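Chemist: fold the stuff below for me.
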Amino acid sequence: MKLAAAAYPLDWFDAWGDYEAKLSAWVAQGAATGAELLVFPEYAALELASLGGRAAAADTQGVLEETARHRDAADALHLRLAAQHGVHILGGSGPVFAGARPVNRATLFGPGGILGHQDKQIMTRFERQDWDVVPGNELQVFDTPFARLGVVICYDSEFPLLSRALVEAGAEVLLAPSCTETLAGFTRVRVGSMARALENQCPVVHAPLVGAAPWCAGVEMNRGRASIYGPPDAGWPETGILAEGGLDAPGWVMAEVARDRIARTRADGVVLTHAHWPEQAARLARGVACVPG
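Modeler: Coordinates of the predicted model:
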């Protein structure tokens, strides 16, 4: 399988056609790498708030509402591009008002239609306290012709039990779209994603938002580098890094992974973290001893 991650900057649009042109160019460039799957970052959809004008985009709640207003049109565009290029696309996540408060939703598009949605599970402090974004649907595993996929949006990648549940449900590749304003925030997602690749012995595709967008409330500055990680085991890079771009450099990175390599590593790797995971429960059942000093 060929997997591609985008380091994607937010742009200001005066008209819908500007957004359509940008996304069309990005998908064309991603497809030109030969990738079967293109992964866009968390909150990449927020650039759509610019279509509502400066006041809407600069308002903490207005940016969510204006972005959500364009959801159907954005979905239709992603569907057309997925079909045109014969690729699967994890679209940039954004707010969807499924109830009184929005969820942070990423949609997986295939050449034949929408495969489904994954909503973020665990909210950051900013999402809880400033945006009041709420958790959404349950974890999903998506079956595609090249692999079974699970999505852990940004902060979710830092919680190992979420990824483990996806892997136990059949996920062979994890997708980690992210949005982080500092290098420290990016590093947390990077370290979390690399740890998920190690313990689950599978690739993790990390697609970050990058660059400054001072006009867009909540995502004024974004740091990161597009990367694809794997387990540092036999048949994989010793660093666990299959591909990575430059820090804060917009563009695509692509890596090719043999699907059967994942199964072979889980069955007969130098280490067997995937198989040995359940042993933790047995050890913890014995309790934790406190040794006096």
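
Chemist: okay, CA-based contacts and neighbour counts for the rest of this
Modeler: Will do.

Chemist: quick check: which ranges of the stretch 151-293 of the chain have low pLDDT?
Modeler: The stretch 151-293 of the chain contains no residues with pLDDT under 70.

Chemist: what are the boundaries of the strands in it?
Modeler: Assigned by DSSP state E, counting those that start in this stretch, the strands in the stretch 151-293 of the chain fall at 173-178, 204-212, 221-222, 227-229, 241-244, 251-256.

Chemist: give me the contact list for the fourth one.
Modeler: Looking back up the chat, that one is strand 227-229. Applying CA atoms under 8 Å, 6 or more residues apart in numbering, the contact partners of strand 227-229 are 4-5, 193-194, 197, 203-207, 240-245, 253-255.

Chemist: tell me the strands beside that strand, with direction?
Modeler: Strand pairing for strand 227-229, determined by DSSP bridges: strand 204-212 (antiparallel), strand 241-244 (antiparallel).

Chemist: got it, and the shortest one?
Modeler: In the sheet, strand 221-222 lines up against strand 204-212 (antiparallel) (DSSP bridges).

Chemist: hmm, back to that, turn the strands of the stretch 151-293 of the chain into CSV, including mean neighbour count and distance to Trp26.
Modeler: Output for these, formatted as CSV (neighbours: other CA atoms under 10 Å; distance: least, CA to CA, whole Å):
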stretch, mean neighbour count, distance to Trp26
strand 173-178, 29, 16
strand 204-212, 29, 13
strand 221-222, 21, 19
strand 227-229, 28, 17
strand 241-244, 19, 18
strand 251-256, 22, 8
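
Chemist: can you say which of these is nearest to Gly30?
Modeler: Each of those has some distance to Gly30 by CA to CA; the shortest is strand 251-256, at 6.3 Å.

Chemist: would CSV of the strands of the stretch 151-293 of the chain with distance to Val87 be doable?
Modeler: CSV is the format used below for the strands of the stretch 151-293 of the chain (distance: least, CA to CA, whole Å):
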stretch, distance to Val87
strand 173-178, 16
strand 204-212, 16
strand 221-222, 27
strand 227-229, 18
strand 241-244, 20
strand 251-256, 14
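
Chemist: which of the ones you listed sits closest to Arg54?
Modeler: The nearest among the strands of the stretch 151-293 of the chain, by CA to CA, is strand 204-212 at 15.6 Å.

Chemist: quick one, the closest one and strand 251-256 angle?
Modeler: In terms of direction (axes from the mean of the first three to the mean of the last three CA atoms, to 10 degrees), strand 204-212 departs from strand 251-256 by 170 degrees.

Chemist: center of this structure - which residue?
Modeler: Pro177 (2.0 Å; CA atoms, centre = their mean).

Chemist: just give me the neighbour total for Ala57.
Modeler: By the criterion of other CA atoms under 10 Å, Ala57 has 27 neighbours.

Chemist: can you check Ala49 too?
Modeler: So Ala49, with other CA under 10 Å, has 28 neighbours.

Chemist: any idea how far it is from Tyr155?
Modeler: Distance, Ala49 to Tyr155, using CA to CA, to the nearest Å: 23 Å.

Chemist: likewise for Phe146?
Modeler: Counting by CA to CA - Phe146 and Tyr155 are separated by 26 Å.

Chemist: comparing these two, which residue is more hemmed in?
Modeler: Tyr155 (22 against 15).

Chemist: and the strands of the stretch 151-293 of the chain: which comes nearest Ala267?
Modeler: strand 173-178 (16.1 Å).

Chemist: which elements pack onto that closest one?
Modeler: strand 148-151, helix 183-200, strand 204-212 (3 or more CA pairs under 8 Å, 6 or more residues apart in numbering; DSSP states H and E).

Chemist: can you rerun that using 6 Å?
Modeler: Applying 3 or more CA pairs under 6 Å, 6 or more residues apart in numbering; DSSP states H and E, one finds that strand 173-178 makes contact with strand 148-151, strand 204-212.

Chemist: parallel or antiparallel, list what pairs with that strand.
Modeler: Going by DSSP bridges, the partners of strand 173-178 are strand 148-151 (parallel), strand 204-212 (parallel).

Chemist: can I get those in CSV with distance to Ala282?
Modeler: Listed next are the strands paired with strand 173-178 as CSV, based on distance: least, CA to CA, whole Å:
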stretch, distance to Ala282
strand 148-151, 27
strand 204-212, 28
